[in-house]
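J.: Sequence first, predicted coordinates after that:
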Amino acid sequence: MLNEFWATASTAYKVLVFSAMGLIAAGIILNIMGNTSQNQGLAVASLPVIGLGLVLHVVGIVVRGQQIRRNLKQ
């Protein structure tokens, strides 16, 4: 099972992972744009986007851990 980590993952986990990566990437891009254009409002507004991406990443880890525990009990 460990060799097929992504193949055995549920759709919910995959959606969480891609959403988290997308939000983190969008937040970093917004932060870079805000800092290069010296727009502090945009730079500060990007921080919650990055934070939400990190929260989704942690939720994905929890979901995957529950799935693994459930599979090990069977």
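T.: Structure's in. What do you need?

J.: Please name the residues that touch the residue positioned nearest the centre of the chain.
T.: Nearest to the geometric centre of the chain sits A20, at 2.1 Å (C-alpha atoms, centre = their mean). Listed by C-beta atoms under 8 Å, 6 or more residues apart in numbering, the contact set of A20 reads 53-54, 56-57, 60. Where you see a C-beta, it was placed from the backbone N, CA and C, and this is true even at glycine.

J.: again, only using 7 Å
T.: Taking C-beta atoms under 7 Å, 6 or more residues apart in numbering, we find A20 in contact with 53, 56-57, 60.

J.: Just give me the neighbour total for Q66.
T.: 11 (other C-beta atoms under 10 Å).

J.: in the longest helix seen in the chain, what counts as buried?
T.: With secondary structure taken from DSSP state H, the chain has its longest helix at helix 40-73. Residues of helix 40-73 classed as buried: 43, 46, 49-50, 52-53, 56-57, 59-60, 63-64 (neighbour count, 16 or more other C-beta atoms under 10 Å).

J.: Sounds good, over and out.
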